[in-house]
Structures are given as structure tokens and as C-alpha cells.
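here is my input, please return the structure:
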Amino acid sequence: MDMQLTFEDVASALSLDYECVFFVDNETNQYAMFAFRGKHTKLELTDTRDFWADTKVNMEAVVYPEDKQSFSEHINRETLLKAIQDDNVFNFKYRLLVEGEPVWFQMKAVLGRSQGREYLIIGVNNIDKQERERLELKQKASKSKTYGQIVMALAERFDALYMVDLTTEHFVQYRSERVFEELSIALEGDDFFNQLKKDAKQVIYKDDFALLTESLTRDNLLKELDEYGVFTLTYRLNTPKGPVYVKLMAVYADKQHIIISVTNVDAMVRREQELKKQATKSELYGQIVMALAERYDALYMVDLVTDHFAQYKSERLFCELSITVEGDDFFNQLKKDAMQVIYSEDIPLITAALEREAFLRELDEHGVFSMTYRLNSPNGPMYVNLVAVYADKNHVVISVTNVDAQVRREQEIREEASANYEKARHDDLTGIRNKNAYGEFEKKLDQQIKCGKDIEFAIALCDVNGLKTVNDTQGHKTGDIYIRDAAKLICETFKHSPVFRVGGDEFVVVLRGSDFTNREELSQQFYETVKRNAEEDKVIVACGISVYDKAHDKNTAAVFERADAMMYRNKMSLKGGRDEIINTIIRTIGARMNI
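Presented below is the predicted three-dimensional model:
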């Protein structure tokens, strides 16, 4: 068969649009291949003159392993011809192994006739750059838009701030130039706790390395947060000027995200260390109290041999509290005082933490004991911070400081961050969830699919017909009403499933539960409502529904693409015919082939 004489000129014309073009005789399966440029010249392809036999062999040799199943399901004679008969054109994206690396390609196919014979015309093009850019933009769209707002709110307080997604362990770090300017620490990544260990080897002072890596594990951090609502740790960083003390504090932003702040506390810690040295001399107690008067609201000196204690207090915090100022049984006296002055919800916390054995074990392991709790005051519960250190092996210095304003400010920031996080995931016009929220929902579904979980869901893709015409003829305010009417129609039909507005006129519904079970009835109900709307000049919405197939679908995107194709056919039927643009393209290809 001399296909060269028939198609050489056509292939040359198509070379502007495609890297490779195949002409396949639909009766004999013989074919001609024209490769013009790019990666195809580096692929070793088998050629037996039977297109479908060659395709099957070449798939095993050059198709990326993860795409082989999808490729074999879509690129076979029956499936491809049926797709063209349904839509007049066939589109498919896949990856080839080129020099050992996966590269994205797109295949487009149409049917044509020449000299009384029917031919399959297939164009293949490299879309690797565009596809990778699309996937990267999709990933970025799922990130919280509130990072910048949080950084601005905390910029004056913290030297570094981490936002960590507990589901994916993706993290972003924002830092000032005060401490971290010369430290090599990852600014973004997808494995926070492992990255933490890598960074620790470079920047953590060697004597504190074990403390940090053992304390700041995922399990320990979440345990502390669940029990106390906050996690704190003081350690040293290596800097060009020597070891610098920093304090790490972690809190939940919401149940799936944590905020971790790091603050330079070097001056404060070294001052406390100096005071600790001075505290070994009993005659300096008075001087210590004077030195700490501006910093602490109360100071306890405890003799661990006798449990004798003396308390010094300012008038700022303890003037109206009945607390014993001196005695010979510190830990038992502490329990008695706690019943009177500790906020009722925090009494179990403080009494358990300040049991003598637990208290000393914490001091021995970490060199410092710190906790935040609430006191009863005339103005209501008040947050205070207790810090204990050894003065020497027989004496402990315990300070108590009013941190109520600081804690409440941090709570407000956390609540604001959570509110902003939710706001960034809702569409202002319709009030339903937006594209960012769908990106996160899709990622969770993909994780469940990857883990092999037995899940049931379907995707309904909805598109508003005629929105551009409404905007052009009646204005965008009327268009906004049109969009809200569409959102109302979709939400009222799929009442038990999340609805997302992912584009100007595009909505996605993830059918779960009863909506999934009753999807056929709901689809018919939706179709009947749209038919009535068309007769009454109301909003018209095309809809396509596709069900997740565990045996074939490797991700949510595969279900989405099928729903998109079904929606498109529904959209065309609602318009009363095929899209004129597609018909024009087919006629143009026919003219170039002299059909």
C-alpha cells in the first residue's frame, strides 16, 4: 500500500501542529507514520505494518509504567473508534519514557475518507511543559491563602513561623532576618518531620540535638497538643556568633493544621541562668527578688532536701490571692493552695504536673520545667506561666508570670487564622465551597484511593449554559444572579453532597451517601428541572455524572474527566446540536486531506 503518495502533503501541513502523525487504513490496519521533530526521533518503535499490533508492542516498550493500563484501555481499535463515533474527535493524555524520564504527550484522532477508503488520522504532540505547569498550579491552588496574613500578624513577634498540614505534612516556613538569616533551613517541603531531622543536624547545637529530635516527633507533638493545647520547647541553634537559645511553640490552627513559631529568647535564658547561679547563695535571695521584680509576679525558692519553701510575690498578680508565703511541705501545700486559686478546669492539670516525682523527672530530663495554666482572679480566669530551674542540686527556683494578654492574643490570632482559612475556601458570590476547597477534597480522595480504601463516590460536573450571552446582553449583575440561580438548583438537587464552584460557570459535586445511592433518580430530576427551565427562560445547567471505578480509576481526575465528557455531550444536546466549532475543525481537516 503506497500511503506515502496519498498523505505526504497532508502530513507536511500537519507538522506545524504535531510532532508525529499516523494515517491508519481502517480496513487493513496498515499505516504510515510521519515524525517531524522533538522526542519521537529518540524512541525505538517496532514496525510490522499492523498499527494495532505495533501499538500493543510499543506500549510495553515506551509507555510510562503507571499509564500502561489506562493506555491499553483507551488506545485499542474498538474503544478509540467508538469514542470518535460518539464525539467526532478523540483526545487522550499519557506519558512516554524518553531517555528514562516520563514525558507527557497528547493524542488526537479523527476519521476521514479518501478515494473511497476510511482512514484514522492520529496526531501526537509533546505537552510536557504545559501539563507540568497545570499540575503545579493545581497544587499551589490547594495551599492556604492565609499564610501571608498570618505572617503579617506575627511578624513583630516571632523570628520564624511554620505552617504544617498534618494530612500531607506539607509545610511552609516564613522567617525574619534576626536569627535565621545565615542558617540553611528548608523554606518549603512535603515531609516536615523528616526535613526537621535533616535541618537539625546542620543548625541545632550538638548538646541539644537529642532533646529536639526526641521531643519534636509527630506522635509526641500531637500528644502534647491534644492534652495541653500547646507544645513548647527551648533549645539552642548554631549561629555565626555562637549558640543562641530559641523557644519553639506549637498550637493547632485547626484540626488539620498546626502553627509552629520560633522566637529568640537567648537574652532571657542567659539572664535566668545567671540568676540561677546566684541563687545558690542563700544570702542573695533578697537581691534575686529585687532583680526579678520587674519580670516575675511571684518567685518560689524550694529546698528539695527539706521541702521548705519561701515565696516572694508582687502586688500585680497575687495581692488578693490567699497563698501561703512560707512553709515546710511545698508539694502538699501546693495542692491545698491550688483548690483555692487555680481555675477549676486546670486543677487536675497543675496537680498532676507538680507531683514531686513527675516534676523532678522533667527537670532532670530537660533542665527546665514550664507550663501555662489559669488562676482565679477578681476579673475572671487569668493565664500565668510557671517556669522552674535548678539553683543547685538541692534547690529549685520557680517563677510565675502573668501571660494572660499574650495567651489571649495568640488565641485571637489562631481563631483569626482558622476563620481566614475557611474564608479562603468559600466562593464569595454563591457562598458554596470554591476551587481551593475542591483541590483539598480531591487530594483526600486520591489518598484514600492510593491506600486502597473501599470508597464509593461519583462526580457530577455542571456547566451553566449561556452565561457569556447573559453577561454580554444584560450585564454582569444579571450574570451573577444567573450563577446564584444555578448554584441554588445544584445544591437543592444534591442536598447531601459537597458542592464546589471551580470556575466562572462550572460546578463540581462529589456525590456521597444517599446522593450516591440515588444518583440516577437525582440525575433524572435535575434533567427534568432543566427542561422546564428552558421552557420558562430560567437558568439552564448541563450536567454529567461519572462513578468511581476501583478497578480502573487510579485517581479522582480520571472520574472527573469522564464526568466532563458526559457533561459536554449533555451541554450539546441542550443547545440543540453539536458544537459548531468542532464541526468547523472537522471540515477543515477534511479539506486539507482532499476528502
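
mind checking the longest strand of the chain?
strand 101-114 (DSSP state E).

CA atoms only: put that one into PDB for me.
Extracted in PDB, the C-alpha atoms of strand 101-114 (Å, rounded to 0.1, in the frame of the first residue of the first chain):
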ATOM      1  CA  GLU A 101      12.200  10.100  32.100                       C
ATOM      2  CA  PRO A 102       8.300  10.300  31.900                       C
ATOM      3  CA  VAL A 103       7.200  12.900  29.300                       C
ATOM      4  CA  TRP A 104       3.600  14.000  28.800                       C
ATOM      5  CA  PHE A 105       2.000  13.600  25.300                       C
ATOM      6  CA  GLN A 106      -1.400  14.300  23.900                       C
ATOM      7  CA  MET A 107      -3.100  12.200  21.200                       C
ATOM      8  CA  LYS A 108      -5.900  13.500  19.000                       C
ATOM      9  CA  ALA A 109      -7.700  11.300  16.400                       C
ATOM     10  CA  VAL A 110     -10.400  11.800  13.800                       C
ATOM     11  CA  LEU A 111     -11.900   9.700  10.900                       C
ATOM     12  CA  GLY A 112     -11.500  10.700   7.300                       C
ATOM     13  CA  ARG A 113     -12.200   9.300   3.900                       C
ATOM     14  CA  SER A 114     -10.100   9.500   0.800                       C
END
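
partners of it in the sheet?
strand 90-98 (antiparallel), strand 117-126 (antiparallel) (DSSP bridges).

nearest to residue 224 among those would be which one?
Among the strands paired with strand 101-114, the nearest to residue 224 by CB to CB is strand 90-98 (43.6 Å). Every residue, glycine included, has its C-beta placed from N, CA and C.

that closest one: which residues count as buried?
90, 92, 94-96, 98 (16 or more other CB atoms under 10 Å).

and the contacts of it?
With CB atoms under 8 Å, 6 or more residues apart in numbering as the test, strand 90-98 has contacts from 39, 42-43, 62-64, 66-67, 70-71, 74-75, 80, 83-84, 102-110, 127, 131.

what's the average pLDDT for the longest strand of the chain?
Regarding strand 101-114, the rounded mean pLDDT is 88.

next, the buried residues of it.
103-112, 114.

coming back round to it: out of the buried residues of strand 90-98, flag the one nearest to residue 397.
Using CB to CB, residue 95 comes nearest to residue 397 of the buried residues of strand 90-98, at 64.3 Å.

the closest one pairs with what?
residue 104.

distance of it from residue 190?
21 Å (CB to CB, to the nearest Å).

next: residue 253.
Per CB to CB, residue 253 is found 18 Å from residue 190.

between these two, point out the one with more neighbours.
residue 253 (23 against 12; other CB atoms under 10 Å).

phi, psi of the more buried one?
Torsion angles at residue 253 (phi, psi; degrees, to the nearest 10) stand at phi -80, psi -40.

please begin residue numbering at 57 from this point
Sure, I'll start numbering at 57, so the last one becomes residue 309.

now do the strands in the stretch 507-651 of the chain.
In the stretch 507-651 of the chain, the segments counted as strands under DSSP state E, counting those that start in this stretch are 514-520, 555-557, 562-567, 597-603.

the third one pairs with which strands, parallel or anti?
Looking back up the chat, that one is strand 562-567. Strand pairing for strand 562-567, determined by DSSP bridges: strand 514-520 (antiparallel), strand 555-557 (antiparallel).

can you list contacts of the first one?
Applying CB under 8 Å, 6+ apart, the external contacts of strand 514-520 come out as 538-539, 542, 546, 550, 561-567, 572, 575, 579, 595-604, 612, 615-616, 619-620, 622-623, 627.

now the angle from it to strand 597-603?
Strand 514-520 and strand 597-603 are oriented at 170 degrees to each other (axes from the mean of the first three to the mean of the last three CA atoms, to 10 degrees).

what residue ranges in the protein are flagged as low confidence?
Residue ranges of the chain with pLDDT under 70: 57-72, 92-103, 193-214, 231-242, 331-351, 369-380, 473-478, 632-651.

mind listing the helices for the stretch 257-406 of the chain?
265-271, 274-284, 322-334, 341-348, 386-397, 403-409 (DSSP state H, counting those that start in this stretch).

right, so of those, which gets closest to residue 457?
So among those, helix 341-348 is nearest, using CB to CB, at 9.7 Å.

strands of the stretch 157-306 of the chain, start to end?
Taking DSSP E, counting those that start in this stretch as the criterion, the stretch 157-306 of the chain carries its strands at 157-170, 173-182, 216-221, 227-231, 244-245, 287-293, 300-310.

so which of the ones you listed comes closest to residue 276?
Proximity to residue 276 (CB to CB) singles out strand 287-293 among the strands of the stretch 157-306 of the chain, at 8.3 Å.

and that closest one, how far out from the chain middle?
Remark: strand 287-293 is offset 27 Å from the chain centroid, using CA atoms, centre = their mean, to the nearest Å.

helices or strands up against it?
For strand 287-293, the elements it packs on are helix 265-271, helix 274-284, strand 300-310, judged by 3 or more CB pairs under 8 Å, 6 or more residues apart in numbering; DSSP states H and E.

now what about that strand, what contacts it?
So strand 287-293 is contacted by 235, 239, 259-261, 263-264, 267-268, 271-272, 277, 280-281, 299-307, 321, 325, 424, 426 (CB under 8 Å, 6+ apart).

what's the spacing between the residue lying closest to residue 410 once chain neighbours are set aside and residue 396?
Excluding the flanking residues, the one nearest residue 410 by CB to CB, 6 or more residues apart in numbering is residue 390, at 5.7 Å. Distance from residue 390 to residue 396, counting by CB to CB: 11 Å.

residue 266 too?
40 Å.

try residue 250
From residue 250 to residue 396 the distance is 47 Å (CB to CB).

what of residue 568?
From residue 568 to residue 396 the distance is 52 Å (CB to CB).

tell me which of these two has more neighbours.
More neighbours surround residue 568 than the other of residue 568 and residue 396, with 16 against 10 (other CB under 10 Å).

the more buried one contacts residue 552, correct?
Yes. Using CB atoms under 8 Å, residue 568 is in contact with residue 552, at 7.2 Å.

do you know which of the strands paired with strand 157-170 lies nearest residue 363?
strand 146-154 (71.3 Å).

from the chain's centroid, how far away is the closest one?
Taking CA atoms, centre = their mean, one finds strand 146-154 lying 27 Å from the centre of the chain it belongs to.

rewinding a little: narrow the contacts of strand 514-520 to those that are buried.
Buried members of the contacts of strand 514-520, scored by 16+ other CB under 10 Å, are 538-539, 542, 546, 550, 561-567, 572, 575, 579, 595-602, 604, 612, 615-616, 619-620, 622-623, 627.

for the helix or strand residue 129 falls within, which residues meet the burial criterion?
Using DSSP states H and E, residue 129 sits in helix 124-130. By neighbour count on 16+ other CB under 10 Å, the buried set for helix 124-130 is 126-127, 130.

which strands and helices sit next to the helix or strand following it?
Remark: after helix 124-130, the chain's next helix or strand is helix 133-143, criterion DSSP H and E. Counting contacts by 3+ CB pairs under 8 Å, 6+ apart, helix 133-143 is packed against helix 124-130, strand 146-154, strand 157-170, helix 612-631.

what's the spacing between stretch 454-468 and its chain's center?
31 Å.

and for stretch 434-449?
Relative to the chain's own centre, stretch 434-449 is displaced by 37 Å; criterion: CA atoms, centre = their mean.

would you mark the buried spots in it?
Here stretch 434-449 shows 438-447 as buried, counting by 16+ other CB under 10 Å.

closest to residue 472 out of those residues?
Distance to residue 472 across the buried residues of stretch 434-449 (CB to CB) is lowest for residue 439, with 18.5 Å.

so which strand or helix has that closest one?
Assigned by DSSP H and E, residue 439 belongs to strand 438-448.

list the contacts of that strand.
328-329, 332, 335-336, 353, 357, 373, 415, 419, 423-432, 452-460, 462-464.

partner strands of it, parallel or antiparallel?
Short version: by DSSP bridges, strand 438-448 pairs with strand 425-431 (antiparallel), strand 451-458 (antiparallel).

after the longest one, which helix or strand is next? Please name it.
This points to strand 451-458. helix 460-479.
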